[in-house]
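A.B. asks: Just to be clear, the model below is a prediction. Sequence and coordinates:
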Amino acid sequence: MPAINIAIVGVGNCASSLVQGLSYYREGANDTVGLMHWDLGGYKPTDIHVVAAWDIDQRKVGKDVAEAIFAKPNCTTVFCETVPLTGTKVQMGHVLDGVAEHMSEYDDHRTFLLAGEKEASKAEVVAALRETKTDVLMNYLPVGSQAASEFYAECALEAGVAFVNNIPVFIASDPIWADRFTKAGVPIIGDDIKAQLGATIVHRVLTDLFAKRGVKLERTYQLNTGGNTDFLNMSNHRRLASKKISKTEAVQSVAAERLHDDNVHIGPSDYVPWQNDNKICFLRMEGTMFGGVPMNLELRLSVEDSPNSAGVAIDMIRCAKLAKDRGLAGPIDAASAYFCKHPRIQMTDDLAAQAVDEFIAVAAE
């Protein structure tokens, strides 16, 4: 199979875990650990190569991607210390709302913007995507970056590059954008990546279990804390709206009946600096069983946030490339439903998994 060329927008913790993971598996790590699919439609993780990248942090711009992924403020676990140089340097991106105003209040972030650096224009990004023969553009911008995400989505449309929207701004699930990608003949997967085994996927599976076992879910909360820049960014509640919608709908969509807004609370709660990229989820579910007898479930989940998404991202990349190979356009609904919290069409995870397997089988024929 030919290589899959990817471009990355936002060289943060999630990009770091993805790039580390590509090197980790390329070096012959156990291919049965940490991946949902080793071979996906004929493509392996070792076929993925980073050929372009954009960021706006002076600690990253101008560096090889393999070096930039370890620059501050990135704080995720280093599980692959020998990432070879990629030959791809991080370029200055286009800012728009890709930076929260309040970030300048924190010592580690006061001088991160490149003073006087010329921002990338749409024409320059499109040209870079074409020159590098990029197949898939990965959006890893901060939560709340609606305008910036739309800028790069426009670039993907013009360059004819598949778009994977890993963040909770609504592109693939927005009817207008979905129609634009369909008419342009460009595939898109999104929105808002689900972790491999994170708070939302666990909450969804348990909610679906309540429904299938006849337990009426009365109320639930999911409270999360973390110390990475994602949690710092989300401390600005104006940037949090789409994230809360995405996470809440991911759970509501698999409930036997929708909970009243007063009975469901899902979303990030607090920024705890010393946690770094560790994310802790506190989950409570209250229900009614046979005979009206009450029950409750409490769970505490602790995971490294960014590696938890990287394996899923590798599958999304390969599904996007398969869609591109087949000439598919618009939202790839099976992949979006399985890999994302806020797809255009919600499915239970077992049905979404089945749909993805069928998509892979057809695409690989």
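C.D. replies: Nice, thanks for sending it over.

A.B. asks: Which residues in stretch 218-229 does the neighbour count mark as buried?
C.D. replies: Within stretch 218-229, the residues that qualify as buried are 218, 220-229, counting by 16 or more other CB atoms under 10 Å. For the C-beta atoms, the positions are set from N, CA and C on the backbone; glycine is no exception.

A.B. asks: Beyond the helix or strand that His203 is a member of, next helix or strand please.
C.D. replies: For His203, the host element (DSSP states H and E) is helix 199-212. Using DSSP H and E, the helix or strand that follows helix 199-212 in sequence is strand 216-226.

A.B. asks: can you give me the angle that next one makes with helix 199-212?
C.D. replies: Counting by axes from the mean of the first three to the mean of the last three CA atoms, to 10 degrees, strand 216-226 lies at 170 degrees to helix 199-212.

A.B. asks: Quick one: the strands in this structure, in order.
C.D. replies: 4-9, 48-55, 90-92, 136-139, 162-165, 187-189, 216-226, 264-271, 278-288, 294-304, 330-331 (DSSP state E).

A.B. asks: So for Ala199, which of these sits nearest?
C.D. replies: strand 278-288 (3.8 Å; CB to CB).

A.B. asks: This structure - how does it break down into domains?
C.D. replies: Using the TED database, the domain ranges for the chain come out as 4-194+307-361, 199-305.

A.B. asks: Can you tell me which of the ones you listed is most buried?
C.D. replies: Sort the domains of the chain by mean neighbour count, taking mean count of other CB atoms under 10 Å, and domain 4-194+307-361 sits at the top with a mean of 20.

A.B. asks: my read: Lys194 touches Asp315, true?
C.D. replies: No: applying CB atoms under 8 Å, one finds Lys194 not in contact with Asp315, separated by 10.8 Å.

A.B. asks: so where's the stretch 1-150 of the chain shaky on pLDDT?
C.D. replies: Residues of the stretch 1-150 of the chain that meet the criterion pLDDT under 70 lie in 1, 29-32, 102-116.

A.B. asks: Which stretches in it count as helices?
C.D. replies: Using DSSP state H, counting those that start in this stretch, the helices of the stretch 1-150 of the chain run over residues 13-26, 65-68, 122-131, 146-159.

A.B. asks: closest to Ala53 out of the ones you listed?
C.D. replies: With CB to CB, the closest approach to Ala53 among the helices of the stretch 1-150 of the chain belongs to helix 65-68: 5.1 Å.

A.B. asks: can you give me the offset of that closest one from its chain's centre?
C.D. replies: Distance, stretch centre to chain centre, for helix 65-68: 20 Å (CA atoms, centre = their mean, to the nearest Å).

A.B. asks: coming back round to it: between the helices of the stretch 1-150 of the chain, which gets nearest to Phe210?
C.D. replies: Nearest to Phe210, of the helices of the stretch 1-150 of the chain and by CB to CB, is helix 13-26 at 30.4 Å.

A.B. asks: before we move on, the earlier item: could the helices of the stretch 1-150 of the chain be laid out in CSV, adding distance to Met347?
C.D. replies: CSV is the format used below for the helices of the stretch 1-150 of the chain (distance: least, CB to CB, whole Å):
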stretch, distance to Met347
helix 13-26, 24
helix 65-68, 34
helix 122-131, 31
helix 146-159, 24
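
A.B. asks: closest one to Gln252 among the ones you listed?
C.D. replies: So among the helices of the stretch 1-150 of the chain, helix 146-159 is nearest, using CB to CB, at 22.2 Å.

A.B. asks: any idea how far the closest one is from the chain center?
C.D. replies: Here helix 146-159 is found 16 Å from its chain centre; the criterion is CA atoms, centre = their mean.

A.B. asks: Equivalent analysis for stretch 78-88, please.
C.D. replies: Centroid displacement of stretch 78-88 relative to its chain, using CA atoms, centre = their mean, is 21 Å.

A.B. asks: Could you list the alpha-carbon positions for that stretch in CSV?
C.D. replies: Provided in CSV are the C-alpha atoms of stretch 78-88 (Å, rounded to 0.1, in the frame of the first residue of the first chain):
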residue,chain,number,x,y,z
VAL,A,78,7.1,10.4,26.8
PHE,A,79,6.7,6.8,25.9
CYS,A,80,9.0,6.9,22.9
GLU,A,81,12.2,8.8,23.5
THR,A,82,13.8,8.1,20.1
VAL,A,83,11.6,9.8,17.6
PRO,A,84,13.7,10.3,14.5
LEU,A,85,13.7,13.6,12.7
THR,A,86,10.8,13.7,10.2
GLY,A,87,12.3,16.3,7.8
THR,A,88,9.1,18.3,8.3
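
A.B. asks: Comparing the strands of the chain by mean pLDDT, which bottoms out?
C.D. replies: Note on the strands of the chain: strand 264-271 shows the lowest mean pLDDT, a mean of 87.
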